[in-house]
Structure formats: structure tokens, C-alpha cells
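Enquirer: with the sequence up front, the predicted model follows.
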Amino acid sequence: MKRIYFLIVAFMAMLLGFSQSSYAGEPVILDIKHPTQSGTGIPRSPVQYPEAYIDGYTLTFDSSCIGCTITLLNENEEVVYINVVTENGEVEIPTTFVGTYELQLVRGSITFVGEIEL
């Protein structure tokens, strides 16, 4: 019974924590790439997914991503661009890139992946 109560309270708190974002641009959907289990194997808390947006050639991330490494891979899964998220949460991609790319964001021991169109 305590567990059900805890799950309901946690779910409600999570719903209250979501708010409209003030970032400009289209959202980029990120997922975890090949999650690996470490430690005791007992999950302590769910992974918080970062917010990411693209507006032209500017990627904008939430504050949890400052200092994280981003990598762009082309359709042949070759690394074509690497950069670090700046203190303002942005990364400027060169305008020479055109097409669809896989975006990888490394935050700590977790790699998030998504697809962007430039």
C-alpha cells in the first residue's frame, strides 16, 4: 500500500514539475542509447531527459547539458562534428551541414540520441 501511495505522489509531483518551455525552435526528441546497468542494479531514480531544441543551425539545451559533448553522425554513422554545449546552453552548427544527422549528447555516463534535420 505504501508503494502505491508513493508512486501516486511521485507521479503527481512529476506532472506538476512539467511546464511550458521558454526555448525557441522545434523540439528534438532524445532517447537513451544502449543503456547499461551499473552499480547494484537497483534503480535509484529515473533518468531525467534533457530538453533540446533546434532553430536553424542553433541547438539549444537546458541547463543540465552545459559542458556536455554533442556529436553529429551522418547517414553512414561517421562522426562529422563534435562540440561542447556552452554556458548559455547553445551550440552553433556550421551552415555547411545539410541533411539528416544523428545527434548524440553525452551527459555523465549516459548518451542521449536523436535525429535532426538541417
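Expert: Good, I have the coordinates.
Enquirer: in the protein, what spans have low per-residue confidence?
Expert: Low-confidence segments of the chain (pLDDT under 70): 1-23, 34-43.
Enquirer: please verify my assumption that Gly114 contacts Ile54.
Expert: No - look at Gly114 against Ile54 with C-beta atoms under 8 Å: they stay out of range, at 9.4 Å. The way it works is simple: take the backbone N, C-alpha and C, and place the C-beta from them, glycine included.
Enquirer: after the host helix or strand of Asn83, next one along is what?
Expert: Assigned by DSSP states H and E, Asn83 belongs to strand 79-84. For strand 79-84, the succeeding helix or strand toward the C-terminus, using DSSP H and E, is strand 90-92.
Enquirer: which one is Gly25 nearest to, not counting chain neighbours?
Expert: Asp55 (3.1 Å; C-beta to C-beta, 6 or more residues apart in numbering).
Enquirer: list the contacts of the one you found.
Expert: Shown in contact with Asp55 (C-beta atoms under 8 Å, 6 or more residues apart in numbering): 24-26.
Enquirer: where neighbours are concerned, which of those residues has the most?
Expert: Gly25 (14 neighbours; other C-beta atoms under 10 Å).
Enquirer: how close does Val80 get to Ile116?
Expert: When C-beta to C-beta, to the nearest Å is the yardstick, Val80 and Ile116 sit 12 Å from each other.
Enquirer: scratch that, Lys33 is what I was asking about
Expert: Taken as C-beta to C-beta, the span from Lys33 to Ile116 is 15 Å.
Enquirer: over to Val98?
Expert: Counting by C-beta to C-beta, the gap from Val98 to Ile116 is 12 Å.
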